[in-house]
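K.L.:
I need the structure of the sequence given here:
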Amino acid sequence: MSFSYKNPKVGTTLTSPDVVTRLSVVGTNFSVLSSGGYMEVWSLDDLNFQTFGGSGTIQNSGNTIPINYSKSNLGFIPSKVTIEDDGITSGRRRLGMLVYVHETDQVYQYVISNYENLFNSASGATEENVDTGKYIVSDNTTEGLALVNAWLDSSIEGVSGVTRNNARWRVFWGTDWQVTGGTIDYNSTGDLSLNSNSGNTVTISGLTTITGGTYLSGTSTLELYNNLGDTVSITGFTGGGGASGSSGSSGTSGSSGSSGSSGSSGTSGSSGSSGTSGSSGSSGTSGSSGSSGSSGTSGSSGSSGSSGSSGTSGSSGTSGSSGSSGTSGSSGSSGSSGTSGSSGSSGTSGSSGSSGTSGSSGTSGSSGTSGATGPTGPAGSSGSSGTSGSSGTSGSSGTSGSSGTSGSSGTSGTSGTLDLTGNTIDGIITYNGSGGSVESNITFDGDTDTLVISGNTITYGNEYNQSADVTITTNGNHNILTIPSSSGSSFHYNYFVEEQTTKGFRTGTVMAAINLDKDETVYTDISTNDGTNTTQDIEFSTVISGNNLVLRATTSNSTTWVVKVSVEIVF
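P.N.:
Just a heads-up that it's a prediction; the model follows:
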């Protein structure tokens, strides 16, 4: 026969609450057939089904949620499980039922994986009661035994190493979907696989990581390649990052040019001859000065004119007005001096003659003969100045010496090459503003798509991680991790311990909190059941020591313990 679900047959119609005896293996007032549904129990032991006792239908008062099981102690008579006519109920258990356990504050769901195949395979060991429709499964065949054992199994997820996949009672999360773990694969699609408490896996693609890069010095461009095959180009780099080229050797100094020969001095123009002096007015009452003779053109220096005879002295006349200056004659040879006039009597001072107009430059006229002295006449006008001789031509400047050849320029450093330190194979490169470092504790293997971060301390944002691996060989108190209490207020110590003689092991989490005054700590230890043997001889606690929070392990024997711990300081 093959499995076919059908609703159970209608039982007695009730007009008041119906109950069963405590030893009964059938339901009370639960889901369908008064079995299954939702119920509440005190501890995990209430989920177990015990078969101790005699033979026949097992009716133990300690079985809170029993199945309908008839046990045989004789090898030739099989043991049997009775399944209700719906095919998924036995005793008080029904596939899919929910049970709240007060001890763990969790809801568990009763599940038999692959149940339909187990049921169909056991058809050769199954009888169907034609009156009640119930199925009686015997354990006298391999397939029948497999179905009977599936109903007898009371394994609980998280207890005694039982996982979700092989548990009969699984933690029921309902809609409270949580991530329990995951893996990341930097392959050509960049997959992040997240595992949930429901047993499902969600894959997120498109995660990238840098797999390599090339610096193109010709365009000052850095090309970075990722696992998806994309190329990211970063431009605008300057060559400052390159190492400086060695300085070019100094050029030899050019030899000094020989001084140019001095040009010959220009020939001095010959002096113009002096113009002749105007004759003096005769002395007497001062008359107006005689006008000065015009200056002779300046030529070559003339011989001095003979002195004019002095005029006779006269009475002083009033000063004559000065004669206007004679125009300067052009320079030339000096005229001979005029004879002095005879001295006249002094007249009254004549008024000064007006200044003679300056003669145009030229050669001096020869000096006029001095008139006889008489009364001072008005001053004669000055003769014009003789023309200055032309300036001699300046000698040509000497040729300047040729300049020395300049030394060749030093070779420039290569453009834009990043200056790196470190030589770790597959090391990630970090940039510090002027150069780069090949990190030894962060590596990426492009052949295996493996990213490795080594070291005991990692910080992600406000989360701080630290780990320790300790071996204990004596009894007493042992400080495993010491962390400044100022690091935070919430500490999660995830640990694994194994006793090396008996091989007892467990894993767990010590959750500790420290108040804001940093003078009080509380903690609790949540762990799995012991594996192989007991680990009761080691306990964990947290204590405050000075300004530090210390995770302490206390052992009560002198065997060897291996302790692995990582701490997360959340905030």
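
K.L.:
Show the backbone phi and psi for the nearest residue to Ser138 once chain neighbours are set aside.
P.N.:
Sequence neighbours aside, Pro78 is the residue nearest to Ser138 in space, at 3.9 Å (criterion: CB to CB, 6 or more residues apart in numbering). C-betas here are computed from N, CA, C, even on glycine. Phi and psi for Pro78, reported as degrees, to the nearest 10, are phi -70, psi 150.

K.L.:
If I follow the layout properly, Pro78 ends up in contact with Ser70?
P.N.:
No: with contact defined as CB atoms under 8 Å, Pro78 does not reach Ser70; the gap is 9.1 Å.

K.L.:
in the chain, which ranges drop under the pLDDT threshold?
P.N.:
For the chain, the stretches with pLDDT under 70 are 1, 5-36, 53, 175-176, 197-199, 238-417, 455-465.

K.L.:
quick one: the helices in the stretch 51-200 of the chain?
P.N.:
115-121, 142-152 (DSSP state H, counting those that start in this stretch).

K.L.:
elements contacting the shortest one?
P.N.:
In other words, helix 115-121. Here helix 115-121 touches helix 142-152, going by 3 or more CB pairs under 8 Å, 6 or more residues apart in numbering; DSSP states H and E.

K.L.:
With just CA atoms, put the helix it packs on into CSV.
P.N.:
The C-alpha trace of helix 142-152 is given here as CSV (Å, rounded to 0.1, in the frame of the first residue of the first chain):
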residue,chain,number,x,y,z
THR,A,142,14.2,-3.9,7.6
GLU,A,143,11.7,-1.4,6.2
GLY,A,144,9.2,-2.0,9.1
LEU,A,145,12.0,-1.6,11.7
ALA,A,146,13.0,1.7,10.1
LEU,A,147,9.5,3.1,10.4
VAL,A,148,9.1,1.8,14.0
ASN,A,149,12.4,3.3,15.0
ALA,A,150,11.4,6.7,13.4
TRP,A,151,8.4,6.8,15.8
LEU,A,152,10.5,5.7,18.8
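
K.L.:
List of residues touching that helix?
P.N.:
For helix 142-152, contacts defined as CB atoms under 8 Å, 6 or more residues apart in numbering pick out 49, 51, 67, 69, 78-81, 83, 90, 93, 112, 115, 118-119, 121-126, 137-139, 168.

K.L.:
Distance-wise, check Ser486 relative to Ile544.
P.N.:
12 Å (CB to CB, to the nearest Å).

K.L.:
residue ranges of the strands in the stretch 1-150 of the chain, please?
P.N.:
Secondary structure of the stretch 1-150 of the chain (DSSP state E, counting those that start in this stretch): strands located at 38-41, 56-57, 69-71, 80-83, 89-90, 93-94, 98-101, 106-110, 126-128, 135-138.

K.L.:
Pull up the pairing partners for the fifth one, direction included.
P.N.:
Sheet partners assigned to strand 89-90 using DSSP bridges are listed as strand 93-94 (antiparallel).

K.L.:
Could you pull up the residues touching the closest residue to Thr203 other than its chain neighbours?
P.N.:
For Thr203, ignoring the flanking residues on the chain, the nearest one in space by CB to CB, 6+ apart is Ser193 at 5.1 Å. Each residue near Ser193 by CB under 8 Å, 6+ apart is listed here: 182-185, 201-203.

K.L.:
Buried among those residues? Make that a PyMOL selection.
P.N.:
To isolate the buried members of the contacts of Ser193 in PyMOL, using 16 or more other CB atoms under 10 Å:
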select buried, resi 185
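
K.L.:
Pipe the contacts of Ser193 into TSV and attach distance to Asn529 per row.
P.N.:
As requested, the contacts of Ser193 are arranged in TSV below (distance: CB to CB, whole Å):
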residue	distance to Asn529
Gly182	25
Thr183	27
Ile184	31
Asp185	33
Thr201	27
Val202	30
Thr203	33
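
K.L.:
just curious, which of the contacts of Ser193 is nearest to Gly236?
P.N.:
Closest approach between these and Gly236, by CB to CB: Ile184, at 32.0 Å.

K.L.:
count of neighbours near the closest residue to the closest one other than its chain neighbours?
P.N.:
Spatial nearest neighbour of Ile184, excluding adjacent residues (CB to CB, 6+ apart): Leu192 at 4.9 Å. If you count neighbours by other CB atoms under 10 Å, Leu192 ends up with 15.

K.L.:
going forward, begin numbering at 18 instead of 1
P.N.:
In the new numbering, first residue 18, that becomes Leu209.

K.L.:
Verify the stated contact: Leu61 with Val176.
P.N.:
Yes: when contacts are counted by CB under 8 Å, Leu61 is listed as touching Val176 (6.3 Å).

K.L.:
Would you map out the domains in this protein?
P.N.:
For the chain, automatic domain parsing gives the domain ranges 49-188, 290-406, 437-466, 474-586.

K.L.:
circling back to that earlier point, neighbour-wise, which of Ser503 and Ile561 wins?
P.N.:
Ile561 (15 against 11).

K.L.:
Helix or strand: which one has that one?
P.N.:
strand 555-562 (DSSP states H and E).

K.L.:
quick one: buried residues of whichever helix or strand comes after that strand?
P.N.:
Moving toward the C-terminus from strand 555-562, the next helix or strand (DSSP H and E) is strand 565-572. For strand 565-572, the neighbour count (16+ other CB under 10 Å) marks 565-570, 572 as buried.
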